[in-house]
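Enquirer: 3D model of this:
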Amino acid sequence: MKNELDNKQILAVYERIQKRGETNDEGKHYQGVTAFSDVDGYTIYLQGSGVLLRFGFHNTYHLDYEHDKHKDDFLKKLHNIANEE
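Expert: Presented below is the predicted three-dimensional model:
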């Protein structure tokens with residue numbers, strides 16, 4: 001997979017959602033994306049639009065999705081969150 005996301009951008013989006021998001025059963029939800037982590041905090045997850053992004057050890061990430069349209073919509077949401085003032 002090509003490097004579609006910058007590691008710093010993923011972490012910035014996660015932090016912004018943690019600060020601005022509303023708590024739900026899975027984590028914090030903001031602008032159509034839910035952010036949560038595993039128990040030890042080593043792996044973080046961003047989920048929305050039918051996509052699950054897993055970011056963890058050695059700053060690697062993996063996107064799980066069925067359709068490219070879902071991925072494109074998800075990446076657009078992350079970009080919008082990352083570039084908010």
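Enquirer: just the helices in the chain please.
Expert: Using DSSP state H, the helices of the chain run over residues 7-20, 68-82.
Enquirer: tell me, what residue is most central in the chain?
Expert: The structure's the chain has its C-alpha centroid closest to Leu46; by CA atoms, centre = their mean the separation is 2.8 Å.
Enquirer: quick check: closest non-adjacent residue to it.
Expert: Once flanking residues are discounted, Leu46 sits nearest to Leu53: 4.4 Å by CB to CB, 6 or more residues apart in numbering. C-beta: built from backbone N, CA, C; applies to glycine.
Enquirer: that neighbour: what's it in contact with?
Expert: Leu53 makes contacts with 5, 10, 45-47, 61-64, 74, 78, as judged by CB atoms under 8 Å, 6 or more residues apart in numbering.
Enquirer: repeat the analysis, applying 7 Å as the threshold.
Expert: Residues in contact with Leu53, defined by CB atoms under 7 Å, 6 or more residues apart in numbering, are 45-46, 61, 63.
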